[in-house]
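Colleague: Predicted model and sequence below, questions to follow.
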Amino acid sequence: MRIEVQVESLRRIFPVRRINNLLAALLAAVVITSTGCGVSDSVKSIMLTATGSSSGGFYNLVGVDGTLQLKAYAIYHSGKQVDVTNDSTWTVTPEGADQWGQPLPPYGPTTVPIDKTGMMTAIVPICTWTDLQDSSKLPAVAYFNPPQWAYTGWYQTTATYKGMTSQPVAVGVGAETSNTSPIGGCGPS
């Protein structure tokens, strides 16, 4: 006994071409969405760096019109670093006091402004450092050279990019001669 099946009737029940096209589209969608393994290469953190006068990680704006170049980098999950300095906003908070014990002037265009490129400039003549080897307590011939500088105050600076804020960087100002150093200056140079 021979059974004949009409091919046309089976195609209506099992539309092979449509199923193949649907499976191919589904497979392509799965491949496209799974290539990142569930992790996109988005910004993980912001890193703030400074180039200029420093000593042991302590930064100093040396002299009136002294500058310090700040750079903000977006750190991605993949490890990639992208300079986002020009697209960052800056927050600067005065901490501590000047060498005379007076509160530091507030951040602004007449103190230690930061331009769009991240260049920080000392405008106000202050000294936020003290020489730990205070010459007023030593005989005149016992000057210590070089000085051992310590902050009396600083400007705590952060960069913000797309809602993420960097770690703070402390910046002292040496735009006035120190009252404690026998050799002059103010802070590391």
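Modeller: Cool, got the structure.

Colleague: ok, residue 162 - how many residues close by?
Modeller: Residues contacting residue 162 under the criterion other C-beta atoms under 10 Å number 11. Yep, even glycine has a C-beta here, placed from its N, CA and C like the rest.

Colleague: show me the contacts for it.
Modeller: For residue 162, the contact set (C-beta atoms under 8 Å, 6 or more residues apart in numbering) comprises 43, 74.

Colleague: so how far is residue 42 from it?
Modeller: Noted for residue 162: a distance of 10 Å to residue 42, by C-beta to C-beta, to the nearest Å.

Colleague: likewise residue 75?
Modeller: In terms of C-beta to C-beta, residue 75 sits 11 Å off from residue 42.

Colleague: So for these two, which sits in the more crowded spot?
Modeller: Remark: of residue 75 and residue 42, residue 75 carries more neighbours, 16 against 10, as counted by other C-beta under 10 Å.

Colleague: isn't that one right up against residue 43?
Modeller: Yes. At 7.0 Å, residue 75 counts as touching residue 43 under the criterion of C-beta atoms under 8 Å.

Colleague: Mutual contacts of the two, please.
Modeller: When C-beta under 8 Å, 6+ apart defines a contact, no residue borders residue 75 and residue 43 alike.

Colleague: What about the closest residue to residue 147 other than its chain neighbours, how many residues nearby?
Modeller: With sequence-adjacent residues excluded and distances taken as C-beta to C-beta, 6 or more residues apart in numbering, residue 147 is closest to residue 131, at 4.1 Å. Residue 131 is flanked by 23 other residues according to other C-beta under 10 Å.
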